[in-house]
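> sequence and predicted model, in that order:
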Amino acid sequence: MSQIFQKIIELIIYILPAYVANGAPVIFGGGKPLDFGKNFIDGKRIFGDHKTIRGLTSGILAGTLIGFIIFVLNAGDITIIYRALVLSLGTHAGDLFGSFLKRRLDIASGESAPVLDQLGFLYFALLFAYIFCGDIFSILDIAILTAITLVLHPLTNIGAYILKMKKKPY
């Protein structure tokens, strides 16, 4: 049991920059939309009003900062900071990909797309970590991270809604 608990803690610490990068725009976002209000060739918005320059920037910076903090606390390898940057970039690539798909599927900006909203950022973060850091994940690692994310994502959204940081609890 202790090995499983230790593995879960290691995975949470590993993915924490992605979680922070994903949540930071709720706190620090807003402002000018990343797509500048422009439409794609299909006549639909590229991302929508909820994907902003400040949200993207704050997410990448916050996720990378968490990597720096983990590096300092663990007196670990400096590549932790690089990995945090990669995870943060992957997180936002996944989030933007999800928003792009949602616009194509006529899901309004700010509306929920179950699974895509909850897991897209995670899988893109892991994909980026694999591509740019060479990190390899077992099926068990991915399953654990998926389960953790499926629990934490709605809880943090409800918390942000209660704190009036989000207009909807999803």
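Cool, got the structure.
> going forward, measure contacts and count neighbours with C-alpha atoms only.
Fine.
> all helices for the chain, in order.
2-28, 53-74, 79-104, 116-133, 139-162 (DSSP state H).
> so which of the ones you listed gets nearest Asp35?
helix 53-74 (8.7 Å; Cα to Cα).
> buried residues in the closest one?
Going by neighbour count (16 or more other Cα atoms under 10 Å), the buried part of helix 53-74 is 53-68, 70-71.
> so, low pLDDT: which residues of this protein?
1 (pLDDT under 70).
> Ser58 against Ala24, yeah?
Yes: assessed by Cα atoms under 8 Å, Ser58 is found in contact with Ala24 at 6.2 Å.
> just to revisit the earlier point, dump the helices of the chain to a markdown table, plus distance to Lys168.
Converted to a markdown table, the helices of the chain look like this (distance: least, Cα to Cα, whole Å):
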| stretch | distance to Lys168 |
| --- | --- |
| helix 2-28 | 12 |
| helix 53-74 | 18 |
| helix 79-104 | 17 |
| helix 116-133 | 13 |
| helix 139-162 | 6 |
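> most tightly packed of the ones you listed?
helix 79-104 (a mean of 23; mean count of other Cα atoms under 10 Å).
> what about it, distance to the chain center?
Distance of helix 79-104 from the chain centroid (Cα atoms, centre = their mean, to the nearest Å) equals 6 Å.
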